[in-house]
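Colleague: fold the stuff below for me.
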Amino acid sequence: MSSTSSDVVRGTLDMLILRVVAKDPEHGWGICERIQQLSRDALHVQQGSLYASLHRMTREGWIRSYWAVTANNRQARYYEITRAGRQQLRIESEEWTRLANGVALVMSNA
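Modeller: Numbers count the residues shown, from 1 in each chain. Next up, the predicted model:
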């Protein structure tokens, strides 16, 4: 996802990150790769946007981080979802569904 100042883009990126780390803790590069993989290369997350979101979500208490060794035997900061993050993911998922349904209605009836 290219960086913009849009709240929709930022909120969507937060939702995608929360969804990825809800399954398993992951490091930053792994989060980017997983979003790209799951979207079948439709979404590419910029590192700057990713880390800005990770820092903000950590401050909000939606995720927490810890240091661990990667599969390549390197130290990396891993991120995992918190209880508050799971609640936020539910809220954002519901909002996304509402928004997507609204856009679909406009597109099919215009």
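
Colleague: contact partners of stretch 56-72?
Modeller: With contact meaning C-beta atoms under 8 Å, 6 or more residues apart in numbering, stretch 56-72 is reached by 14, 17-18, 21, 25, 27, 54, 75-82, 84-85, 88. Heads up, the C-betas are built off the backbone N, CA and C, glycines and all.

Colleague: over to stretch 26-35?
Modeller: Stretch 26-35 is contacted from outside by 16-17, 20-21, 43-45, 47, 50-51, 54, 68, 70, 76-79, using C-beta under 8 Å, 6+ apart.

Colleague: got a quick PyMOL command for the buried subset of those residues?
Modeller: Here is the PyMOL selection string for the buried members of the contacts of stretch 26-35, based on 16 or more other C-beta atoms under 10 Å:
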select buried, resi 16+17+20+21+43+45+50+54+76+78+79
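
Colleague: in helices, which of the contacts of stretch 26-35 fall?
Modeller: Leu16, Ile17, Val20, Val21, Gln47, Leu50, Tyr51, Leu54 (DSSP state H).

Colleague: which strand residues bridge Arg77?
Modeller: Trp67 (DSSP bridges).

Colleague: residues contacting it?
Modeller: His27, Gly28, Ser65, Tyr66, Trp67.

Colleague: which among the residues you listed gets closest to Leu99?
Modeller: Gly28 (26.8 Å; C-beta to C-beta).
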